[in-house]
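> Provided below are the primary sequence and the corresponding predicted coordinates.
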Amino acid sequence: MGRPKPRQVSSRKQRRLHETEEIKLLDEWIHAMKPSSGTSPLAVPPPPPSAPVGCLPGGEGFSPYNGCKLFSQLPISQKTKDGLKVKYKEMSDIQRASLPHSLCGRDILGAAKTGSGKTLAFIIPVIEKLYRLRWGPEDGVGAIVISPTKDLAVQLFEELKRVGKYHTLSAGILVGGRDVKSEKERVNSLNIIICTPGRLLQHMNETPNFDCSQLQILVLDEADRILDHGFRAEVDAILGELPRVRQTLLFSATQTKSVKDLARVSLSNPEYISVHAEAVTATPERLKQLAMVVPLDQKLDMLWSFIRKHIKSKILVFLTTCKQVKFVFETFSKLRPGVPLKHLHGGMSQTRRILTCMMFAEAQASVLFCTDVASRGLDFPSVDWVVQVDCPEDIETYIHRVGRTARFTNEGRSILFLSPSEMKMLEKLQGTEPKIPIKSIKPNNDKLEQVSHRLASVLVQYPDMQHTAKRAFVTYLKSIKTKKDKEVFDVTKLPLEDYAKSLGLPVTPKLRFLNQNGKKGPFSVSVDDDMGEDDNDHDSSDRESEDDVLVAKESDSTKIKQKVNLLEDFEDDILVPKESERKLPENKDTELPTRITTKKKLKINPLRPAGTRVKFDDDLNVLPPLATIAEIDTGETVLDRSKVAERYMKLREEMKEQDKEDKILQRQMRREKRKKQKMKLKKWRGDGEDAVGSDEDQSDVDDAEKAASKRSKIYFNNGSDDDGEKAKKNVLDADRINLAEQEALALKLLSSMHS
Ligand SMILES: Nc1ncnc2c1ncn2[C@@H]1O[C@H](COP(=O)(O)OP(=O)(O)OP(=O)(O)O)[C@@H](O)[C@H]1O
């Protein structure tokens with residue numbers, strides 16, 4: 001790069017001057033038009049057409065923005081306006097209500113229905129705040145946006161890039177499943193970070209010089225989820241690292257009302273903005289919602305029939321566990337329903353998840369089987385149907401799931417399958433305030449296509465899938481067992497054998513956590529003593545798993561036990577060998593293993609000094625002390641590099657030695673061979689020399705051979721018409737006769753030629 005030309009310098013200078021001027025004007029505008037705290041432009045009546053925009057004091061509150069509907073009417077920079085105008089012109093209600101407050105630096109607790117445009121309601125203030133502060137690369141992290149899932153973080157990042165296209169702020173995404181080392185290198189140069197709680201905390205703990213002390217604005221998208229039990233430890237640790245003086249924005253469709261939660265994030269005089277608080281329904285108005293009773297063992301028949309009937313639609317299907325998603329996706333794909341199928345769950349790699357989301361977003365007609373990892377925030381355009389095959393855990397989950405359709409101004413439909421024992425959920429949904437208008441319908445069983453026998457034949461044809469089927473069965477029931485709402489989720493009321501059959505399984509897998517042989521009856525529940533609190537394959541949280549290699553203090557034996565069980569039942573992809581590596585029993589068609597891998601129970605040595613760390617391998621076997629050369633690196637056990645290099649050096653030396661020996665042996669063999677050849681040659685020549693006594697070398701042999709070939713040539717060239725074999729014979733014969741005989745022979749030949 002050469003020196004900047006004077007013209008470039010002056011244009012840069014001009015730009016900077018222009019920016020300074022714009023920022024000054026924006027600051028003045030924001031200050032002069034500050035809306036009164038607690039007012040919403042939506043709550044006061046619109047001004048008469050003759051009144052100038054924003055200048056009408058309302059009766060009870062005053063909001064200068066009460067007539068503003070366009071982004072261009074807000075005190076935001078030209079660069080942001082340019083970024084917005086590609087896709088957006090008019091503001092949505094949540095944007096109209098919250099932006100005037102958030103732009104003047106207030107904390108926000110925002111709630112609005114799914115698909116109502118909450119993302120822009122926090123992306124714009126983030127960009128504007130840093131722009132007005134003239135934030136630059138040397139200022140470090142100025143804004144953090146926390147999302148509960150990686151997929152949502154990716155989507156938020158895309159929106160940030162779109163709106164902030166003309167700004168010079170640097171932004172990055174920090175989520176699990178990406179290369180943490182490269183993240184560490186650039187994390188300190190980022191102005192805006194979009195992240196999941198786990199990965200942010202990892203950087204706070206591990207990345208040298210990672211500094212958030214200058215943070216200006218913190219956003220929690222899906223705030224109720226981020227502040228709930230699942231992320232408690234991480235979020236508390238993160239909040240402890242952040243400066244208390246900052247702007248904080250919390251958004252969700254189902255906002256937290258817990259005072260404790262709000263105290264944790266230390267909001268200062270927040271604006272409570274709930275644009276749909278007065279709404280009759282908690283779900284989007286253009287969403288038509290249905291529910292019907294479907295016995296558990298008929299749910300897949302119903303799903304198959306539904307998909308077959310809607311092959312031209314874009315459908316999102318919610319199941320509870322990763323294994324169910326995997327099973328239904330794989331088996332239905334084999335049965336070819338006539339519409340492209342996709343799947344999305346927390347056990348998939350980040351790249352596959354991004355690719356799946358992109359493909360589903362672009363598809364016209366497609367079915368995406370997913371866990372609750374896709375229930376919050378994801379914005380797939382034009383989803384026609386949301387099908388909930390498994391009952392949602394609670395009302396919030398229902399609202400978020402159905403909210404994947406009927407987004408913004410679009411229409412959409414949803415259907416919920418409830419088994420008879422789950423009917424209490426329908427009552428709860430219908431009884432909530434604001435209302436969730438669900439219409440209960442009866443299934444038309446005449447049109448039900450049976451799929452279970454076809455699934456059984458798929459399992460026979462593809463034995464690897466038997467294990468997936470079994471895991472789908474077990475993980476689903478385990479998730480039911482661990483759900484808190486026992487009025488809805490009662491595993492004892494489920495037809496286990498019929499359910500197993502409906503998955504195509506020939507026998508009902510044994511469930512360790514159910515006392516199937518107990519006194520209380522065939523399927524009475526017993527709390528298994530090794531059932532951990534978090535023991536499920538539930539995929540709602542999408543938390544980065546730190547479980548690949550466990551490091552635990554021995555005294556903490558109960559925690560270890562819980563971890564072991566959590567690991568067993570979490571995504572098996574991490575721990576249990578791949579399907580292809582698993583050995584199935586001989587009689588694959590009729591017999592299924594109830595347990596594929598028997599995991600050794602952990603034995604704790606109480607005599608070890610307290611606080612000594614115990615390391616476990618992927619199969620949860622305690623590693624011998626020497627195995628501590630293993631280190632944890634992005635979830636995979638990798639050998640210590642220096643040890644590996646040392647080992648390779650040794651191997652190389654050993655191989656060199658071996659090579660030397662081989663060469664000597666080879667040389668000896670060649671010598672033996674030559675000796676034999678020479679002896680033969682001598683025999684042929686008949687010179688009677690003692691071959692063994694002579695010290696031959698390669699040149700000896702070569703000379704002898706050359707001589708032989710020369711003679712053969714001479715004979716051949718001297719007009720002998722004999723074929724090659726005869727010529728060779730002549731050579732050999734010639735070798736045997738002496739010189740006098742040869743002369744006599746030559747004379748004979750000459751005389752015969754002349755006569
Ligand atoms: N002002 C606007 N004009 C037109 N489209 C908009 C506007 N604001 C948002 N949208 C579009 O509406 C859709 C939903 O927006 P967004 O994802 O922000 O909703 P949300 O409220 O965050 O939903 P959820 O609660 O599910 O996370 C997106 O496709 C977005 O591009």
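All right, it came through fine. Numbers count the residues shown, from 1 in each chain.
> hey, let's count contacts and neighbours off CA atoms from now on
Noted.
> Point me to the residue of the stretch 201-350 of the chain nearest the ligand.
residue 253 (4.8 Å; CA to the nearest ligand atom).
> Look up phi and psi at that residue.
With angles defined as degrees, to the nearest 10, residue 253 sits at phi -80, psi -30.
> Flag every buried residue along whichever strand or helix holds residue 158.
Per DSSP states H and E, residue 158 falls inside helix 150-163. The neighbour-count check on helix 150-163 (16 or more other CA atoms under 10 Å) flags 150-157, 159-163 as buried.
> Then stretch 335-349?
Counting neighbours by 16+ other CA under 10 Å, the buried set in stretch 335-349 is 339-348.
> Just give the number of residues close to the closest residue in space to residue 266 that isn't next to it in sequence.
The shortest distance from residue 266 to any non-neighbouring residue, by CA to CA, 6 or more residues apart in numbering, is to residue 244 (7.3 Å). For residue 244, the tally of surrounding residues (other CA atoms under 10 Å) stands at 16.
> Double-check residue 412 against residue 381; I have them as touching.
No. Assessed by CA atoms under 8 Å, residue 412 is found out of contact with residue 381, at 10.8 Å.
> These two: who's more crowded?
Using other CA under 10 Å, the more surrounded residue of residue 412 and residue 381 is residue 412, with 22 against 18.
> Next up, the contacts around the spatially closest residue to that one that is not a sequence neighbour.
Distances taken as CA to CA, 6+ apart place residue 406 nearest to residue 412, at 4.2 Å, with adjacent residues excluded. Residue 406 makes contact with 115, 284, 286-287, 382-384, 412-413, according to CA atoms under 8 Å, 6 or more residues apart in numbering.
> separation between the residue of the stretch 351-500 of the chain found nearest the ligand and residue 362?
Residue nearest to the ligand within the stretch 351-500 of the chain: residue 377 (3.2 Å; CA to the nearest ligand atom). To residue 362, residue 377 is 17 Å away according to CA to CA, to the nearest Å.
> Could you list the buried residues of stretch 25-39?
So for stretch 25-39, counting by 16+ other CA under 10 Å, buried means 26-27, 30, 33-35, 39.
> I'd like these written out as CSV, with distance to residue 309, pLDDT and secondary structure added.
Shown next, in CSV, are the buried residues of stretch 25-39 (distance: CA to CA, whole Å; pLDDT from 0 to 100; DSSP: H, G, I helix; E, B strand; the rest coil):
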residue, distance to residue 309, pLDDT, secondary structure
26, 55, 96, helix
27, 57, 95, helix
30, 55, 93, helix
33, 55, 87, coil
34, 54, 88, coil
35, 52, 88, coil
39, 49, 81, coil
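> Now flag whichever of these is closest to residue 747.
residue 26 (123.6 Å; CA to CA).
> Which residue, other than its chain neighbours, is closest to that closest one?
Closest to residue 26 by CA to CA, 6+ apart is residue 75, at 5.7 Å.
> So what's the residue count around the one you found?
For residue 75, using other CA under 10 Å, the count is 21.
> so residue 167 is in which element?
Here residue 167 is assigned to no helix or strand, by DSSP H and E.
> give me the number of residues near it?
Neighbours of residue 167 (other CA under 10 Å): 16.
> Same question for the one 4 residues further on.
Look at residue 171: counted by other CA under 10 Å, it has 20 neighbours.
> Next up, phi/psi of it, please.
phi -140, psi 150.
> per-residue confidence at it?
Looking at residue 171, its pLDDT is 96.
> what bridges to it?
Assessed by DSSP bridges, residue 171 has beta-bridge partners residue 192.
> I'd guessed it sits against residue 195; true?
No. The criterion here is CA under 8 Å, and residue 171 misses it with residue 195 at 10.8 Å.
> returning to that earlier point: and the helix holding residue 158, anywhere near the ligand?
No. Contact of helix 150-163 with the ligand (CA under 6 Å from any ligand atom) is absent, the minimum separation being 8.1 Å.
> Spell out which residues of this protein are next to the ligand.
88, 90-92, 113-120, 252-253, 376-377, 379, 403, 407-408.
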